[in-house]
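# below are the sequence and a predicted model for it; my questions follow.
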Amino acid sequence: MGKPPVLTRQFQQRSKHSSTQVKRIFNKNPARARFVNRVKEQQEDAKTTKEKPPPRQQKFDTVFQPTLLPNGWSQPPSDEFVLPKYPFSISRTKNKPNGAIGFLPIYSDYRNGRTKHTTIIRKVKGDTDAFVQELLVAVGYTDEPVDSVIRIRTGNVVELKGNHVSVVRKWLAGLGF
């Protein structure tokens with residue numbers, strides 16, 4: 001006698017969605033249409049990109065070699081030192097005991113549950129736009145737009161995105177402030 005025939009079942013492969021559901025969900029969805037249009041616009045913009053302006057350059061070189069103490073204090077240049085003419089100025093803090101020289105007014109702040117770090121620079125006088133351009137170069141933001149990195153507050157206060165307190169202190173002390 002021969003072997004009994006082997007019964008095999010052929011399974012129909014089923015889809016998760018019907019063809020009508022696929023059209024409704026994936027192809028004609030307004031959100032998908034907006035996404036596709038946005039991608040097309042970005043590709044067209046990439047083709048017609050304009051030349052970027054050259055990166056920012058530092059205009060004022062350091063003229064003084066400061067020594068910073070661990071608490072952030074740096075001794076200003078002696079009275080004989082002639083401070084170059086800058087379009088901006090930073091004055092040090094005052095009212096220290098025994099006539100001591102104050103600190104540079106640079107502080108760090110933490111916001112949004114200590115997830116956003118900012119550097120605050122107070123007592124900025126003169127041309128704040130020139131100060132901001134120099135500050136961005138000193139910190140290393142040469143290509144970013146100013147509005148995304150810096151906020152100019154009232155009362156001669158400038159806020160910088162990120163914790164750059166030590167870099168800014170060293171830069172300002174090197175300029176002779």
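Thanks, I have it.

# which other helices and strands does the host helix or strand of D129 contact?
Per DSSP states H and E, D129 falls inside helix 128-139. When contacts are defined as 3 or more CB pairs under 8 Å, 6 or more residues apart in numbering; DSSP states H and E, helix 128-139 packs onto strand 88-90, helix 146-149, strand 150-153, strand 157-161, helix 165-175. No exception for glycine: its C-beta is placed from N, CA and C like everyone else's.

# tell me who's in contact with the most centrally placed residue in the chain.
Against the mean C-alpha coordinate of the chain, by CA atoms, centre = their mean, the closest residue is V149 at 4.3 Å. With contact set as CB atoms under 8 Å, 6 or more residues apart in numbering, V149 has these partners: L136, Y141, L160, K161.

# mind checking how far the nearest residue to the second one once chain neighbours are set aside is from G99?
Same thing as Y141. The shortest distance from Y141 to any non-neighbouring residue, by CB to CB, 6 or more residues apart in numbering, is to V149 (5.1 Å). Per CB to CB, to the nearest Å, V149 is found 38 Å from G99.

# end to end on stretch 102-113, go ahead and measure it.
31 Å (CA to CA, to the nearest Å).

# distance from that stretch to the middle of the chain?
16 Å (CA atoms, centre = their mean, to the nearest Å).

# what sits up against that stretch?
In contact with stretch 102-113 (CB under 8 Å, 6+ apart) are residues 72-74, 90-96, 116-123, 159, 163, 165, 168-169, 172-173, 177.

# show the buried residues in these.
Among these, those classed as buried by 16 or more other CB atoms under 10 Å are 73-74, 90, 92, 117-123, 165, 168-169, 172-173, 177.

# let me see the ranges of the strands in this structure.
For the chain, applying DSSP state E gives strands covering 88-90, 106-111, 116-121, 124-126, 150-153, 157-161.

# could you dump these to JSON lines with mean pLDDT?
JSON lines is the format used below for the strands of the chain (pLDDT from 0 to 100):
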{"stretch": "strand 88-90", "mean pLDDT": "91"}
{"stretch": "strand 106-111", "mean pLDDT": "91"}
{"stretch": "strand 116-121", "mean pLDDT": "93"}
{"stretch": "strand 124-126", "mean pLDDT": "93"}
{"stretch": "strand 150-153", "mean pLDDT": "90"}
{"stretch": "strand 157-161", "mean pLDDT": "93"}
